[in-house]
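# The following block contains a protein sequence and its predicted model.
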Amino acid sequence: MSGLDAIAGIGADRRRGGYSRHVFDDAERHLREWFVEQAESRGLEVETDANTNLWAWWGKPGEDAVVTGSHLDSVPGGGAFDGPLGVVCALEAVDLLRERGFQPSRPLAVVVFAEEEGGRFGVPCLGSRLMTGTIDADRARRLRDTDGISLAEAMGSFGADPARIGRDEGALRRIGHFVELHVEQGKGLVDLNRPVAVADSILGHGRWRFRFRGQGNHAGATLIDDRKDPMLPAAELVVAARRAAAATADGRATVGRLVPNPGGTNVIASAVDLYLDARAPRGARAMVEDLAEQAMELASQEGCSVEVVEESFGDTVHFDAALRDRLCEVLDDVPSLPTGAGHDAGVLAAEKPTAMLFVRNPTGISHAPEEHATVEDCEEGSHALARVLTDLAG
Ligand code: GLV
Ligand code: MN
Ligand code: MN
Ligand code: MN
């Protein structure tokens with residue numbers, strides 16, 4: 001908890017509540033500095049890879065390592081635990097192993113992945129997607145934040161070379177196993193009355209941008225029948241998305257961001273960007289294809305147009321069953337749980353034996369300031385992680 005306390009002041013968002021920590025902004029730089037200090041004070045050797053992920057090595061960096069860690073960035077107005085808990089517990093697990101005199105027989109590293117939430121450039125798990133080549137490097141360089149700054153420009157100002165981003169064979173060879181500890185983002189463990197679980201699967205999920213275009217105009221002088229107001233089809237699509245998710249087995253659809261341009265109270269918008277997050281075990285894409293058709297119909301009824309862009313997508317992930325079972329056994333039959341939240345572990349799972357540990361969240365709330373984990377459960381989590389690392393690197 002002293003780890004979480006140490007970063008509690010970094011990126012606190014007074015306006016939204018919670019934390020806003022976005023890749024390469026001041027808060028995220030401070031978090032990186034904090035991580036480097038923590039790692040170096042433990043004698044770990046720190047490296048930043050070509051995709052700006054941070055690595056802290058116990059012993060010489062090498063291939064087939066046991067890697068653990070998570071991320072330090074947040075959603076806008078996010079909680080204190082999503083990401084940082086996995087980093088803090090990884091450092092804590094290293095301390096526990098050292099106290100016990102453990103000598104790893106394989107290299108061991110703590111990793112901090114960049115831009116996991118996609119809070120700045122829109123694509124979640126950007127650091128791990130780049131490392132695995134799951135996103136095209138040219139496309140990534142051109143991603144823009146809400147101020148119009150491209151990833152390439154932001155990397156340049158940060159002091160990293162955007163020409164080097166992309167699939168990183170060297171970094172991938174170094175990962176033998178990856179284990180990410182994370183606060184649970186639902187109520188699974190609360191319902192089971194258990195502090196820790198192993199992850200089973202991640203829902204398939206993606207993000208889409210719907211850009212509705214109409215005619216900007218005067219809110220008072222434009223007769224209702226004369227309007228081409230893109231907010232109308234956008235609003236109806238919000239409702240359609242909820243209905244589509246309800247009609248899809250275990251489906252979810254969220255419009256968490258709706259941006260009218262220019263955004264004046266007495267101005268009919270000329271365009272509205274609607275950002276849709278859709279998830280389902282199967283059929284998230286089909287759900288959105290159907291919504292895109294509805295959006296076209298809704299737009300044309302209002303004399304507007306719509307353009308739909310898929311910003312990211314990942315199929316349902318089933319974690320390595322043998323590794324999952326091994327963790328359950330090492331941890332004395334902890335339960336395994338599915339999750340609807342995305343993680344870098346889900347991206348890496350396509351290439352590497354990967355596992356996750358969840359720590360109970362008594363509120364069941366995440367991506368909001370009410371996200372929580374008790375000191376006792378965090379301790380359970382870091383001890384569980386230490387046992388897993390001992391098993392894998394022993
Ligand atoms: C990340 O937490 C996500 O699932 O969006
Ligand atoms: Mn998150
Ligand atoms: Mn997370
Ligand atoms: Mn006027």
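Yes, it's here. Fair warning: this is a prediction, and the values are worked out from it, not measured in the lab. Residues are numbered from 1 along each chain as shown. Ligands and ions are numbered 1, 2, ... in the order given.
# Phi and psi next, for whichever residue of the stretch 251-394 of the chain sits closest to ligand 3.
The nearest approach of the stretch 251-394 of the chain to ligand 3 comes at residue 343, 5.8 Å away (C-beta to the ion). The way it works is simple: take the backbone N, C-alpha and C, and place the C-beta from them, glycine included. When quoted as degrees, to the nearest 10, the phi and psi of residue 343 stand at phi -150, psi 150.
# show me what contacts it?
By C-beta atoms under 8 Å, 6 or more residues apart in numbering, the contact list for residue 343 reads 70, 116, 125, 180, 182, 202, 356.
# isn't residue 180 right up against residue 67?
No - contact criterion C-beta atoms under 8 Å: residue 180 and residue 67 do not qualify, at 9.1 Å.
# Surely residue 55 forms part of a strand?
Yes - under DSSP: H, G, I helix; E, B strand; the rest coil, residue 55 falls within a strand.
# Please report how far it lies from residue 381.
21 Å (C-beta to C-beta, to the nearest Å).
# Return the residues of the stretch 51-200 of the chain in contact with ligand 1.
117, 124 (C-beta under 6 Å from any ligand atom).
# Please enumerate the helices of the stretch 1-150 of the chain.
2-6, 26-41, 84-99, 126-132, 137-142 (DSSP state H, counting those that start in this stretch).
# So what sits opposite residue 305 in the bridge?
Beta bridges link residue 305 to residue 213 when assigned by DSSP bridges.
# ok now do it, which residues does it touch?
212, 213, 299.
# quick one: which of those residues is most hemmed in?
For those, the largest number of neighbours (other C-beta atoms under 10 Å) sits with residue 212, at 28 neighbours.
# Need the three-state assignment for residue 279.
Quick answer, by three-state DSSP: residue 279 is strand.
# need the contact list for it.
Residue 279 neighbours (C-beta under 8 Å, 6+ apart): 203, 204, 205, 206, 251, 252, 253, 340.
# That one - nearest residue in space that isn't next to it in sequence?
Distances taken as C-beta to C-beta, 6 or more residues apart in numbering put residue 205 closest to residue 279, at 3.8 Å, once the chain neighbours are dropped.
# Is it correct that the one you found falls within a helix?
No - applying three-state DSSP, one finds residue 205 to be strand, outside a helix.
# Could you measure from it over to residue 245?
Residue 205 is 12 Å from residue 245, by C-beta to C-beta.
# Walk me through the domains of this structure.
2-203+316-393, 205-314 (automatic domain parsing).
# Buried deepest among those domains, which one?
domain 2-203+316-393 (a mean of 20; mean count of other C-beta atoms under 10 Å).
# what about that domain, average pLDDT?
Looking at domain 2-203+316-393 alone, the average pLDDT works out to 97.
# starting at the chain centroid, how far to it?
9 Å (C-alpha atoms, centre = their mean, to the nearest Å).
# can you check stretch 287-298 too?
26 Å.
# So which bits of the stretch 201-350 of the chain are right by ligand 3?
By C-beta under 5 Å from the ion, no part of the stretch 201-350 of the chain sits against ligand 3.
# Dump the C-alpha coordinates for the helix or strand that contains residue 312 into CSV.
If you go by DSSP states H and E, residue 312 is part of strand 305-314. Output of strand 305-314 as CSV, limited to C-alpha atoms (Å, rounded to 0.1, in the frame of the first residue of the first chain):
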residue,chain,number,x,y,z
SER,A,305,-24.2,11.0,-43.4
VAL,A,306,-22.1,8.7,-41.3
GLU,A,307,-18.7,7.1,-41.6
VAL,A,308,-17.7,4.1,-39.4
VAL,A,309,-14.1,3.3,-38.5
GLU,A,310,-12.9,0.3,-36.5
GLU,A,311,-10.2,1.6,-34.2
SER,A,312,-9.3,-1.7,-32.6
PHE,A,313,-10.4,-5.2,-32.2
GLY,A,314,-9.4,-8.4,-30.4
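# List the strands paired with the next helix or strand after it, with their directions.
Next helix or strand after strand 305-314 toward the C-terminus (DSSP H and E): strand 317-318. Sheet pairing of strand 317-318 (DSSP bridges) gives strand 196-202 (antiparallel).
# Next, the residues that contact the strand it pairs with from outside, please.
184, 188-189, 281, 314, 316-319, 324, 327-328, 331, 334-343, 345-346, 355-360, 377, 380-381, 384.
# In helices only, show me the residues you listed.
188, 189, 324, 327, 328, 345, 346, 377, 380, 381, 384 (DSSP state H).
# Distance of the first one relative to residue 370?
Okay, so that is residue 188. 17 Å.
# Quickly check: the strand holding residue 312 near ligand 1 or not.
No - applying C-beta under 6 Å from any ligand atom, one finds strand 305-314 separated from ligand 1 by no less than 9.9 Å.
# Specify the angle between that strand and strand 196-202 in degrees.
130 degrees (axes from the mean of the first three to the mean of the last three C-alpha atoms, to 10 degrees).
# Can you give the distance of strand 305-314 from its chain's centre?
For strand 305-314 - counting by C-alpha atoms, centre = their mean - the centre lies 18 Å from the chain centre.
# Also stretch 379-394?
Going by C-alpha atoms, centre = their mean, where stretch 379-394 is centred and where its chain is centred differ by 23 Å.
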